[in-house]
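Novice: Pasting a predicted model and its sequence here:
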Amino acid sequence: MSTQENQALSRRVMEEIWSQGNMNAVDDLYAPDLLWHGPAGSTGPVRELAGIKQFVTLNRTAFPDLRVTIEHQVAEGDRVVTRYTMQGTYQGEMQGMASTGKQITATEIVIDRYADGKIVEVWNIGDALSMLQQVGAIPAPAEA
């Protein structure tokens, strides 16, 4: 597939899976033998589609109005790098932290590697500290 086709698939991940919560798109866009490094695999890499679906569901339950906006995207060879912003309201419990109703805005970067029209490997890097501060789970530093 071309780099443009891979970019279009990465955009579908952001829109259909993250912004809309379409779990069927997980099966369409990710290879069954996917290897995901990053927040979804914080206890180790995720190696199955069920793990990705669980991670998306966890996040969309905590932030039911979650919206993802692609800020920048670069593709070369079999990889697509996407910098994106997530926005949502913390309305559901997540990992034992009670809902606070607070708005969050977080920026992350994801690198998708493609083979045969599917994502086969993902590296995801986000600012978890800022997100935890925004939902009120940990205090933000005092303003100077």
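Specialist: Everything's here; your move.
Novice: and the nearest residue to Thr100 once chain neighbours are set aside, backbone torsions?
Specialist: Closest residue to Thr100 in three dimensions, ignoring its sequence neighbours and counting by CB to CB, 6 or more residues apart in numbering: Gly136, at 4.6 Å. From N, CA and C alone the C-beta is placed, and that goes for glycine too. Reported as degrees, to the nearest 10, the phi and psi values for Gly136 are phi 90, psi 10.
Novice: Pull out the buried residues from the longest strand along the chain.
Specialist: In the chain, assigned by DSSP state E, the strand with the most residues is strand 103-115. Of the residues in strand 103-115, 104, 106, 108-114 count as buried by neighbour count, 16 or more other CB atoms under 10 Å.
Novice: Could you do stretch 77-84 as well?
Specialist: Applying 16+ other CB under 10 Å to stretch 77-84 flags 79-82, 84 as buried.
Novice: ends of stretch 70-90, how far apart?
Specialist: 21 Å (CA to CA, to the nearest Å).
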